[in-house]
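Student: Could you look at this predicted model? Sequence included:
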Amino acid sequence: MKHPREGDIILYQYVDLAGFLRSLEAKYEDDDLRAAFDGSSVYGFRSIEDSDLHLVGDPETLRPVPWLENTYRVLSEIHLPSGERYERDPRYIARRVEEYAKSEYGFNVLVGVEVEFFLLDKLELNVATLSSGIGYRLTSKEHPWTPNAVGVFKKAYHSVEPIDKILDYRLKLHKYMDALGHTKVEVTHHEVALAQMEADIQATTPLKTADNVVTFKWVARRLALEEDKLAVFLPKPIYGDNGSGMHLHLSLWRDRENTFAGDQGISETALHFIGGILEHARSLAALVAPTTNSYRRLAPGYEAPVAIAWGYRNRSAMIRVPAPRTRKHYRVEFRTPDPTANPYLAIAATIMAGLDGIRRKIDPGEPLQKSAYKLTPKEAKELGIGFLPKTLDEALDELESDSEYLKPVFTSDVIQAYIEVKRREAEQVRLVPHPYEIYLYGGL
């Protein structure tokens, strides 16, 4: 691999608690991958009276940036001035969950991910004068309100040209990801919604998978900019069409054996892992579906799960067990997460919930064999099936009351700081009048 020379530029990238990617640039000198920054200016990090933090680049992630000359990018660890790791660094939390699974249970964790997002031609947002109203308008060559479009809502899965107008973008995305060299995108395709695509990223360790999601979103947005388009990772930007998820595929390995494969199907270990995720599903929601917009996606009938249930090959359930080709392909798919989640926190929290299920031998109950969307309230009650929170505030309430399973990988300080950040976001959204409120109530 090409190595930086004296004077080349290094982009030091890191992620804050909410999941926003941040970056600073510095010249490369003396094989040193370090930089300092103001932690008080970062979402949910330090107070102003004790603000200094340091970035230490992870050499394994150092890669030349394919669209910039003499420029490299490195994902960075965050340290205190004393040299200790900073506990609110999401990357540190993902590394700790790997260590915890290995030291306490003897497991190596593999995580694959499917990332869905929209590629739009234009998004006009009016927030300049909140007092006089707020709104947005999007444009896509695939949507019915665009001249010469031939697409239909919820009917675009695996579509081809002329309905599919984002094929060229997907092919270029493969090339950019290959050029970066450490993130393997195995499959891309058009998704169910118009102007929506999916990318399947190869399974690897929790930390590397989270790194790969961050890298993928960065590259997808950069390529969209070059194409004069906009990559939108909001779970539900368009009413009436499917939203975007970030499905996690998880398995636990010991001595190169997949412990999720049993003698006659899925193993007891996998069932207990599923039981742990179901047990903590309502509090997990705050970390895997972490925005107010997330709960517009989590609605029946749009391929997003709302029932706290599991099933074989059942995409209406929160957890699906895919049909495996071989023993090594046994895994569980967690369908609740969406791409606004901080991948480091979402993956780590999901693993901790599953490990808690293994520790406590939690029975997930019988697999759901019908569409969860067609369950009546009476049927759900008889089956003992609960439902995910309907709002971010409700999910945060659940996290406040159910967080012990996250420790010791998540400290109490990290959990509280995260909740404070998300409470602030929910409050900001709650205070702004909604355009549909004007439509519904303007005549009263």
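Tutor: All right, it came through fine. Numbers count the residues shown, from 1 in each chain.

Student: switch to C-alpha atoms for all contacts and neighbour counts from now on
Tutor: OK.

Student: Quick check: closest non-adjacent residue to Pro322.
Tutor: Arg313 (5.1 Å; CA to CA, 6 or more residues apart in numbering).

Student: for that neighbour, what are its contacts?
Tutor: For Arg313, the residues meeting the contact criterion (CA atoms under 8 Å, 6 or more residues apart in numbering) are Arg320, Val321, Pro322, Ala323.

Student: what does Leu399 give?
Tutor: For Leu399, counting by CA under 8 Å, 6+ apart, the contacting residues are Arg282, Ser283, Leu284, Ala286.

Student: Pretty sure the third one sits against Ile351.
Tutor: The one in question is Leu284. No - the pair Leu284 / Ile351 is not scored as a contact, 10.5 Å apart, by CA atoms under 8 Å.

Student: Please report how far the residue nearest to His434 when sequence neighbours are not counted lies from Thr292.
Tutor: Leaving aside its chain neighbours, His434 sits nearest to Ile134 (7.3 Å; criterion: CA to CA, 6+ apart). When distances are taken as CA to CA, to the nearest Å, Ile134 and Thr292 turn out to be 16 Å apart.

Student: neighbour count winner among those two?
Tutor: For Ile134 versus Thr292, neighbours defined as other CA atoms under 10 Å are more numerous around Thr292 (19 against 15).

Student: Poorly predicted segments of the stretch 1-150 of the chain, please.
Tutor: Under the criterion pLDDT under 70, the flagged ranges of the stretch 1-150 of the chain are 1, 128-133, 145-150.

Student: residue ranges of the strands in it, please?
Tutor: Secondary structure of the stretch 1-150 of the chain, counting by DSSP state E, counting those that start in this stretch: strands at 9-15, 21-27, 34-38, 52-57, 63-64, 71-79, 108-120, 122-126, 135-139.

Student: so the longest one versus strand 135-139, what angle?
Tutor: Taking axes from the mean of the first three to the mean of the last three CA atoms, to 10 degrees, one finds strand 108-120 and strand 135-139 inclined to each other by 90 degrees.

Student: Who are the packing partners of strand 108-120?
Tutor: Counting by 3 or more CA pairs under 8 Å, 6 or more residues apart in numbering; DSSP states H and E, the packing neighbours recorded for strand 108-120 are helix 90-105, strand 196-204, helix 206-226, strand 230-232, strand 246-254.

Student: With mean neighbour count added, can I get the ones you listed in CSV?
Tutor: Formatted as CSV, the entries for the helices and strands packed on strand 108-120 read as follows, by neighbours: other CA atoms under 10 Å:
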stretch, mean neighbour count
helix 90-105, 19
strand 196-204, 21
helix 206-226, 20
strand 230-232, 22
strand 246-254, 22
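
Student: between these, which gets nearest to Asp121?
Tutor: Among the helices and strands packed on strand 108-120, the nearest to Asp121 by CA to CA is strand 230-232 (6.2 Å).

Student: show me where the protein has helices.
Tutor: All helices of the chain, identified by DSSP state H, fall at 90-105, 167-180, 206-226, 268-279, 281-288, 294-297, 343-360, 377-383, 392-401, 412-431, 435-441.

Student: which other residues reach the fifth one?
Tutor: In this structure, residues lying in contact with helix 281-288 by CA under 8 Å, 6+ apart are 277, 308, 336-338, 341-342, 345-346, 349-350, 387-389, 392, 395-400, 402-403.

Student: Among those, the buried ones, what's the ChimeraX command?
Tutor: Provided next is the ChimeraX selection string for whichever of the contacts of helix 281-288 are buried by 16 or more other CA atoms under 10 Å:
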select :277,308,336,337,338,341,342,345,346,349,350,388,389,392,395,396,397,398,399,403
